[in-house]
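**Student:** Fold the following.
(one chain, ligands or ions: 1)
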Amino acid sequence: MAVSGAKLDLNHHLKDKQRYDPCLVVIFGGAGDLSHRKLIPALYNLSIDGELPEKFAILGFSMEDLDDEQYRGFARSGIEKFSRRPITDDQWAKFAPRLHFCRGTFTDAGSYENLRTRLDALDAEYTTAGNRVFYFAIPPAFIDTCSQGLTAAGLIKAPAEGTPFTRVVVEKPIGADLESAAEINGQLARHFDERQIFRIDHYLGKETVENLMVLRFANAIFEPIWTSRFIDHVQITVAEAEGVGTRAAYYDRAGALRDMVQSHLLQTLCMIATEPPNTTGAESVRDAKLDVLRALRPLGDEDIEKWVVRGQYGEGLIGGVPVKAYRGEEGVAPDSKTETFAALRCWIDNWRWAGVPFYLRTGKRLPKRASEIAIYFKSVPRILYNANPRAPLPPNILRIRIQPDEGLDLHIMSKVPGSQTRLQQVKVDFHYATSTPEAYETLLNDVIIGDQTLFMRRDTVEEAWKFVQPILDAWGESPLDPPIYAAGSWGPLEAALMIAADGRTWRTL
Ligand code: BG6
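**Tutor:** The predicted structure follows:
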C-alpha cells in the first residue's frame with residue numbers, strides 16, 4: 001500500500017516553515033568528513049526543494065588551504081557521492097555560487113578576526129542581515145575553544161526580538177559521561193543562551209521517527225490502545241552491518257552504549273512513550289520527552305547484571321564475505337573491552353507504562369542494516385480462536401520501520417479464504433511512495449527556521465546520561481571482557497537469554 005489521498009499542509013500551524021529569514025551558515029570543520037558526506041549534500045537537497053532562504057550563503061571554516069573554487073570542488077564531490085538525489089548542472093549552478101571558504105585555525109584569535117571580516121563582506125553581498133548559524137562539525141574538545149573564539153571576536157549576539165540571530169549547532173557526542181556532558185553544556189551556556197543551541201541527534205530528524213508523533217496524535221485508533229492495558233512490550237532495534245570502519249579513534253573509547261543507546265535509542269524511546277504534549281511547540285514537546293526519561297526506573301547493580309548485555313564482534317561473515325574481528329580492526333586496541341553490541345530491558349515508571357518492559361538492542365556487524373520499533377500487543381483471551389493451548393495465536397504487532405524501507409506494518413490475524421476456518425497472520429503494509437528526506441535535511445532546515453523541537457535540550461541530554469551512567473560504571477569496574485559474538489550474527493547468546501528469561505524472544509528482522 002502506498003501513500004495516497006490529499007496532502008494536508010500543516011506546516012504553517014505546526015512549524016511555521018514558510019518563514020525563512022536570510023542567513024549565513026558557517027561550518028566549522030567545513031572541509032571535514034561530516035560536511036562532505038552529510039551537511040553539504042543536505043544543503044544541496046534543500047536548495048533543490050526551495051527550502052533555503054533566498055538570501056543565503058555557506059561559509060566553510062577550517063584549516064585546509066582552499067579557496068572558494070576549490071571548496072566548491074570539494075562540495076561537488078561530496079554531493080556526487082552522497083546526495084539523496086543526483087547532481088544536475090542546473091541545480092548545481094544555483095547552489096555552487098553560494099559556497100565560500102575561509103581558512104582558519106580554531107585556536108588562533110587572528111582566524112576569528114578574519115572570519116568576522118569575511119562574514120561582514122558576505123552579509124553585505126547576500127544582504128543576510130547579520131543572521132548567522134555556526135555549525136560545529138568538530139570534535140567535542142574544540143567546542144569551548146571555538147565558542148571562546150567567536151565570543152572574543154564579537155560574533156555571538158544575545159537573542160533579542162528584532163535583532164539578528166546567532167545559532168550554534170553541536171553534534172553528539174555531548175560528553176562521554178554525565179560529568180563531561182554537564183561540563184560541555186556548561187561551556188556552551190557561558191557563550192550561548194539555550195534558545196540558541198541546537199544539539200543534534202540525527203535520529204530525531206529521520207522521517208519515521210518524526211512521524212511517530214503524527215502517527216500517535218493525528219489518528220484516533222492508536223492512542224487509546226497505547227497503554228499497558230493493551231501493549232505487552234516494546235522492542236527497539238538499531239542494527240548495523242557495518243563495523244567500526246575508520247572511526248576507531250573515537251569508537252574504541254565510546255562503545256555502543258555511549259554511541260547509540262544514550263542518544264539514538266533513548267530519544268526514539270521517548271518518542272514512543274511520551275504523553276501527548278500540550279502543543280506542538282518545541283518546549284511542550286521537549287518537556288513531554290524529558291518526563292519519559294525522568295520516569296525511567298534507575299538500574300541497580302543487580303539489574304545491570306541481569307538485564308543489560310554487552311558484546312563485541314569477533315570474526316565472521318557479512319553477506320557471505322569474511323570480516324575481521326573488532327580487535328583486529330585498524331586503530332582498535334588488541335585487548336579492547338569496548339562493546340560493539342548492547343541490549344537492555346528498561347521500565348518506565350508512570351501510569352501509562354506500568355508493567356510494560358521496553359527491550360532495546362543495537363550493534364555493529366549484525367546481519368543487516370535494519371532499525372525498527374516493534375509494539376507487541378497483548379494476546380486475545382484464550383477462548384474462541386485462541387482456545388488451543390498448543391497453538392496460541394501470535395500477537396498483533398505494529399512495526400515501525402525506521403530504515404531502510406521506511407514505513408510501518410501491522411500484523412493481524414485473518415481467515416484463510418475457503419470453506420475451512422483456518423487463520424493466518426497477514427500484514428497491513430505502508431511504504432513511503434517516494435524517497436524521504438535525509439535526517440540532516442530536516443534538521444538543517446529546522447536550524448535555519450529556528451525550530452528547536454527536534455533538538456536535544458540540555459536537561460534531556462543530562463537525564464539520558466543519568467540513566468546510562470550506572471551501566472558505564474559497572475562495566476568500567478568489571479574485569480571481564482564482553483562476550484564475543486560472530487560478525488553476521490544477532491549478537492551474543494546472552495542477549496537472547498536475557499529476553500528469554502521474560503518468556504519472550506527478539507523479533508527476527
Ligand atoms: C552515529 C554513530 O551517531 O549513528 C555511528 O556514531 C552509527 O556509530 C550511526 O553508525 C548510525 O546512523 P544511521 O543513520 O546510519 O543509522
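**Student:** Scan this structure for its longest helix.
**Tutor:** With secondary structure taken from DSSP state H, the chain has its longest helix at helix 458-477.
**Student:** so what does that one touch, helix or strand wise?
**Tutor:** On a contact count with 3 or more Cβ pairs under 8 Å, 6 or more residues apart in numbering; DSSP states H and E, helix 458-477 meets helix 178-191, strand 197-199, helix 266-273, helix 282-295, helix 301-307, strand 308-318. Quick note: C-beta positions are derived from backbone N, CA and C, even for glycine.
**Student:** tell me the most buried of these?
**Tutor:** helix 266-273 (a mean of 24; mean count of other Cβ atoms under 10 Å).
**Student:** got a list of contacts for it?
**Tutor:** 201, 203-204, 209, 212-213, 234, 236, 238, 289, 292-293, 346, 348, 352-353, 358, 360, 373, 375, 402, 456, 460, 464, 467-468 (Cβ atoms under 8 Å, 6 or more residues apart in numbering).
**Student:** and of the helices and strands packed on helix 458-477, who's closest to P159?
**Tutor:** P159 lies closest, by Cβ to Cβ, to one member of those: strand 197-199, at 10.7 Å.
**Student:** and the next element down the chain from the closest one?
**Tutor:** helix 207-217 (DSSP states H and E).
**Student:** Name the residues that touch that next one?
**Tutor:** Contacts of helix 207-217 (Cβ under 8 Å, 6+ apart): 203-204, 222-223, 226, 267-268, 271-272, 274, 276, 280, 285, 373, 400-403, 406-408, 432, 436-437, 439, 442, 454.
**Student:** which of these are buried?
**Tutor:** Buried members of the contacts of helix 207-217, counted by 16 or more other Cβ atoms under 10 Å: 203-204, 226, 267-268, 271-272, 274, 280, 285, 373, 400-403, 406-408, 432, 436-437, 439, 442, 454.
**Student:** Tell me where the model's unsure across this structure.
**Tutor:** 1-19 (pLDDT under 70).
**Student:** Give me the buried positions along stretch 46-62.
**Tutor:** 46-48, 51-53, 55-62.
**Student:** same check, this time on stretch 98-114
**Tutor:** 98-104, 106, 111-112.
**Student:** roughly how far is stretch 206-223 from the heart of the chain?
**Tutor:** Here the centre of stretch 206-223 is set off from its chain's centre by 17 Å, with Cα atoms, centre = their mean, to the nearest Å.
**Student:** tell me which residues of it are tucked away?
**Tutor:** So, applying 16+ other Cβ under 10 Å, buried residues of stretch 206-223: 206-213, 215.
**Student:** Now render the helices and strands packed on helix 458-477 as TSV, adding distance to A31.
**Tutor:** Converted to TSV, those look like this (distance: least, Cβ to Cβ, whole Å):
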stretch	distance to A31
helix 178-191	24
strand 197-199	21
helix 266-273	29
helix 282-295	32
helix 301-307	42
strand 308-318	31
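**Student:** To A152, which of the ones you listed lies closest?
**Tutor:** It is, among these and with distance given as Cβ to Cβ, helix 178-191, at 10.1 Å.
**Student:** can you list contacts of that closest one?
**Tutor:** Residues contacting helix 178-191 (Cβ under 8 Å, 6+ apart): 140, 143-144, 147-148, 150-151, 156, 168, 170, 174-175, 197, 458, 461-462, 465-466, 469.
**Student:** now do 6 Å
**Tutor:** 143-144, 147, 151, 156, 174-175, 197, 458, 461-462, 465-466, 469 (Cβ atoms under 6 Å, 6 or more residues apart in numbering).
**Student:** and what of stretch 458-474?
**Tutor:** For stretch 458-474, contacts defined as Cβ under 6 Å, 6+ apart pick out 174, 177-178, 181-182, 185, 257, 262, 266, 290, 293, 296, 299, 304, 308.
**Student:** Out of those, flag the one nearest to P492.
**Tutor:** Comparing the contacts of stretch 458-474 against P492 with Cβ to Cβ places V308 closest, at 12.1 Å.
**Student:** nearest spatial neighbour of the closest one, skipping sequence neighbours?
**Tutor:** L344 (4.3 Å; Cβ to Cβ, 6 or more residues apart in numbering).
**Student:** Check Y251 too.
**Tutor:** Per Cβ to Cβ, 6+ apart, closest to Y251 is V244, 4.9 Å.
**Student:** SS state for the one you found?
**Tutor:** coil (DSSP: H, G, I helix; E, B strand; the rest coil).
**Student:** count of residues packed around it?
**Tutor:** By the measure other Cβ atoms under 10 Å, the count of residues near V244 is 23.
**Student:** Tell me the spacing between it and Q148.
**Tutor:** In this view, V244 and Q148 are 32 Å apart by Cβ to Cβ, to the nearest Å.
**Student:** re the thing from before, what is the nearest of the buried residues of stretch 98-114 to I40?
**Tutor:** L99 (7.9 Å).
**Student:** Now the phi/psi pair for A129, please.
**Tutor:** Backbone torsions of A129, given as degrees, to the nearest 10, read phi 60, psi 20.
**Student:** State the number of residues packed around it.
**Tutor:** 15.
**Student:** Just give the nearest non-adjacent residue to it, would you?
**Tutor:** P22 (5.2 Å).
**Student:** I figured the one you found hits R132, correct?
**Tutor:** No: here P22 does not reach R132: they are 10.4 Å apart, not a contact under Cβ atoms under 6 Å.
**Student:** list residues touching both of the two?
**Tutor:** In contact with both P22 and R132: no residue, using Cβ under 6 Å, 6+ apart.
**Student:** neighbour-wise, which of those two wins?
**Tutor:** Per other Cβ under 10 Å, whichever of P22 and R132 has more neighbours is R132, with 23 against 18.
**Student:** Could you double-check that that one sits in contact with P164?
**Tutor:** No: if you go by Cβ under 6 Å, R132 and P164 don't touch, sitting 7.3 Å apart.
**Student:** The residue nearest the centre of the chain and A254, how far apart?
**Tutor:** Using Cα atoms, centre = their mean, the residue of the chain that lies closest to the mean C-alpha position is Y203, 1.9 Å off. Per Cβ to Cβ, Y203 is found 16 Å from A254.
**Student:** Same question for A109.
**Tutor:** With distances taken as Cβ to Cβ, A109 is found 32 Å from A254.
**Student:** And for V261?
**Tutor:** Relative to A254, and taking Cβ to Cβ, V261 is found at 11 Å.
**Student:** Settle it for me: which of those two has more neighbours?
**Tutor:** Higher neighbour count among V261 and A254: V261, with 27 against 17, using other Cβ under 10 Å.
**Student:** Now do the contacts for that one.
**Tutor:** By Cβ under 6 Å, 6+ apart, the contact list for V261 reads A342.
**Student:** Confirm it sits in a helix?
**Tutor:** Yes: assignment of V261 by three-state DSSP places it within a helix.
**Student:** circling back: out of the helices and strands packed on helix 458-477, which is closest to L66?
**Tutor:** Nearest of the helices and strands packed on helix 458-477 to L66, taken as Cβ to Cβ: strand 197-199 at 26.0 Å.
**Student:** The closest one pairs with which strands?
**Tutor:** strand 166-170 (parallel) (DSSP bridges).
**Student:** Run the chain-centre distance for the partner strand.
**Tutor:** Distance of strand 166-170 from the chain centroid (Cα atoms, centre = their mean) equals 18 Å.
**Student:** buried set for it?
**Tutor:** So for strand 166-170, counting by 16+ other Cβ under 10 Å, buried means 166-170.
**Student:** May I have that strand as CSV, with CA atoms only?
**Tutor:** Extracted in CSV, the C-alpha atoms of strand 166-170 (Å, rounded to 0.1, in the frame of the first residue of the first chain):
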residue,chain,number,x,y,z
THR,A,166,23.1,33.7,16.2
ARG,A,167,22.6,30.0,16.4
VAL,A,168,25.0,27.2,17.2
VAL,A,169,24.7,23.6,16.2
VAL,A,170,26.6,20.9,18.1
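**Student:** Nice, that's everything, thank you.
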